[in-house]
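S.K.: what would the 3D arrangement of this be:
(2 chains)
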Number of protein chains: 2
Amino acid sequence: MKELEDRIQRDGTVRAGDVLKVDNFLNHQCDVELFDKMGAEWARLFAGKRVDKILTIEASGIGIACVAARHFGNVPVVFAKKYQSINLDGDQYVTNIYSFTKQKNYSVIVAKKFLTAGEHVIIIDDFLAKGNALNGLIEICEAAGAVVEGIGIAVEKGFQDGGEKLRARGYDLQSLAIVKSMDPETGKITFA
Amino acid sequence: MKELEDRIQRDGTVRAGDVLKVDNFLNHQCDVELFDKMGAEWARLFAGKRVDKILTIEASGIGIACVAARHFGNVPVVFAKKYQSINLDGDQYVTNIYSFTKQKNYSVIVAKKFLTAGEHVIIIDDFLAKGNALNGLIEICEAAGAVVEGIGIAVEKGFQDGGEKLRARGYDLQSLAIVKSMDPETGKITFA
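M.R.: Residues are numbered from 1 along each chain as shown, chains lettered A, B, ... in the order given. Next up, the predicted model:
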């Protein structure tokens, strides 16, 4: 998606350790007009598929998924929660994910009543690198008996292997921008 | 807002300890069509005000704020982050908040570049009880020199004192549903 690539070029910052900061439009400050265009693009890419629900994960995925849902007939958005809260029921799907960004393990939870057998789901998230978070969400869908119709990602780090592995497993993975390389010295970003 | 009150009556569950679970449409599964109507209602209630930005807090506020932003001319949404991530800059506003739900203190962070002096802000969040999270966001706005034009809340627990204190301080607080009482024995919920 050219508009997203242009925006990453203009406003993204490359840091050492394969960090791409896009916090001024994607995951701290949110450009909701851009989110709306991203939603329209995923709707085009996933056209013809049955989508009963959008699944995402807190926190950065939520805004993108909720704005995108408008382009999928306002289907419900379920966001997986990263921390056990005393407000949650006991009846949950749980999986453990290692975050390279935060350098720790965390539990991811979806209440069983919000993901049921036979539901067709699109998973949406802001970033894909090694795919740990996505694999956790796919595991939860499998546990629920839900069908993963597709995966919509804003920014894929194409130089890491998460996307390649998911495509090899047959998932319809649609990343709107795939970063081929980025250089923390020069700030140069190239796209696939 | 009658539609939100009706939805809370129909789908909300009252638990011991003043817990109102509305996770099937507000803060785990999200009804984005309802969020859109809530956004339209806040736009009506805050009509005529200058709104440069919407400020919210992760995680449950993000979806509501991003969908509501469409009714405020697609202004940027900034969400305060609850945990320090190594992806964040050092240049942040930080405040500490005690969560009664999670029974612990946490730090709330907004990057200084995303909230600047003279900006007019609407704060949006899903719940207001004692007002700890909101007070933290207001503190951050004060530190930034931003003007809090109004506060939009989905569900206020009117039997706790957070809302009363904020109104006494002169804030234009617009809660779309104010719960007057709720009974975990009978499940009965009354609104103000």
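
S.K.: could you give the number of residues near A:G170?
M.R.: 8 (other CB atoms under 10 Å in any protein chain shown). Where C-beta positions appear, they are placed from N, C-alpha and C, glycine not excepted.

S.K.: next, give phi and psi for it.
M.R.: Backbone torsions for A:G170, taken as degrees, to the nearest 10, come to phi 100, psi 0.

S.K.: now do it against B:T56, distance only.
M.R.: Here A:G170 is placed at a distance of 37 Å from B:T56 (CB to CB, to the nearest Å).

S.K.: confirm A:I138 sits in a helix?
M.R.: Yes. Under DSSP: H, G, I helix; E, B strand; the rest coil, A:I138 falls within a helix.

S.K.: mind checking pLDDT for it?
M.R.: Looking at A:I138, its pLDDT reads 98.

S.K.: can you pull up the most central residue in chain A?
M.R.: A:D125 (1.3 Å; CA atoms, centre = their mean).

S.K.: is that residue in a helix, a strand, or coil?
M.R.: Quick answer, by three-state DSSP: A:D125 is strand.

S.K.: who's in contact with the closest residue to it other than its chain neighbours?
M.R.: Of all residues not flanking A:D125 in the chain, A:G61 sits nearest, at 4.5 Å (CB to CB, 6 or more residues apart in numbering or on different chains). Shown in contact with A:G61 (CB atoms under 8 Å, 6 or more residues apart in numbering or on different chains): A:79, A:124-126.

S.K.: mind running it again at 10 Å?
M.R.: A:27, A:54-55, A:68, A:77, A:79-80, A:123-127, A:133, A:137, A:152-154, B:59, B:62-63 (CB atoms under 10 Å, 6 or more residues apart in numbering or on different chains).

S.K.: surely it is in a strand?
M.R.: No. Under three-state DSSP, A:G61 falls outside any strand and is assigned helix.

S.K.: roughly how far does A:K112 sit from B:T13?
M.R.: For A:K112, the distance to B:T13 - CB to CB - is 15 Å.

S.K.: nope, A:F114 is what I was after
M.R.: Going from A:F114 to B:T13 by CB to CB gives 14 Å.

S.K.: neighbour count winner among these two?
M.R.: Neighbours were counted for A:F114 and for B:T13 using other CB under 10 Å; A:F114 has more, 20 against 16.

S.K.: chain A: helices as residue ranges?
M.R.: A:2-11, A:32-45, A:60-68, A:132-144, A:162-168 (DSSP state H).

S.K.: any chance of those helices in CSV, with distance to A:Y98 too?
M.R.: Below are these laid out as CSV (distance: least, CB to CB, whole Å):
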stretch, distance to A:Y98
helix A:2-11, 25
helix A:32-45, 27
helix A:60-68, 17
helix A:132-144, 6
helix A:162-168, 13
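
S.K.: highest mean neighbour count out of those?
M.R.: Stretch with highest mean neighbour count among these: helix A:60-68 (a mean of 29; mean count of other CB atoms under 10 Å in any protein chain shown).

S.K.: look up the pLDDT of A:L88 for me, please.
M.R.: Model confidence at A:L88, expressed as pLDDT, equals 53.

S.K.: could you do A:A154 as well?
M.R.: At A:A154, pLDDT is 98.

S.K.: can you tell me which residues contact the closest residue to it other than its chain neighbours?
M.R.: In this structure, A:A154 finds its nearest non-sequential neighbour in A:D126, 4.9 Å apart by CB to CB, 6+ apart. Going by CB under 10 Å, 6+ apart, A:D126 touches A:22, A:26-27, A:30, A:38, A:56-57, A:59-65, A:133, A:153-155.

S.K.: show me where pLDDT drops low in chain A?
M.R.: By pLDDT under 70, the low-scoring segments of chain A are A:84-89.

S.K.: one more time with 80
M.R.: Regions of chain A meeting the criterion pLDDT under 80 cover residues A:83-90, A:100-102.

S.K.: phi, psi for A:K49 please.
M.R.: Torsion angles, degrees, to the nearest 10, at A:K49: phi -90, psi 150.

S.K.: what's the neighbour count on it?
M.R.: Around A:K49 there are 14 residues (other CB under 10 Å).

S.K.: next one: A:G17
M.R.: A count of nearby residues for A:G17, using other CB under 10 Å, gives 9.

S.K.: what do you get for A:R50?
M.R.: Based on other CB under 10 Å, the number of other residues close to A:R50 is 11.

S.K.: show me the contacts for it.
M.R.: Neighbour list for A:R50: A:119-122, A:147, A:149 [criterion: CB under 10 Å, 6+ apart].

S.K.: again, 7 Å this time
M.R.: Taking CB atoms under 7 Å, 6 or more residues apart in numbering or on different chains, we find A:R50 in contact with A:120, A:149.

S.K.: now the nearest residue to A:E33 once chain neighbours are set aside: how far from A:V78?
M.R.: Leaving aside its sequence neighbours, A:E33 sits nearest to B:N74 (CB to CB, 6+ apart; 4.4 Å). Distance of B:N74 to A:V78, given as CB to CB: 25 Å.

S.K.: same question, A:S99
M.R.: 20 Å.

S.K.: which one of those two has more residues nearby?
M.R.: Between A:S99 and A:V78, counted using other CB under 10 Å, A:V78 has the larger neighbour count: 24 against 14.

S.K.: verify the stated contact: that one with B:Q29.
M.R.: Yes. Using CB atoms under 7 Å, A:V78 makes contact with B:Q29 at a distance of 4.8 Å.
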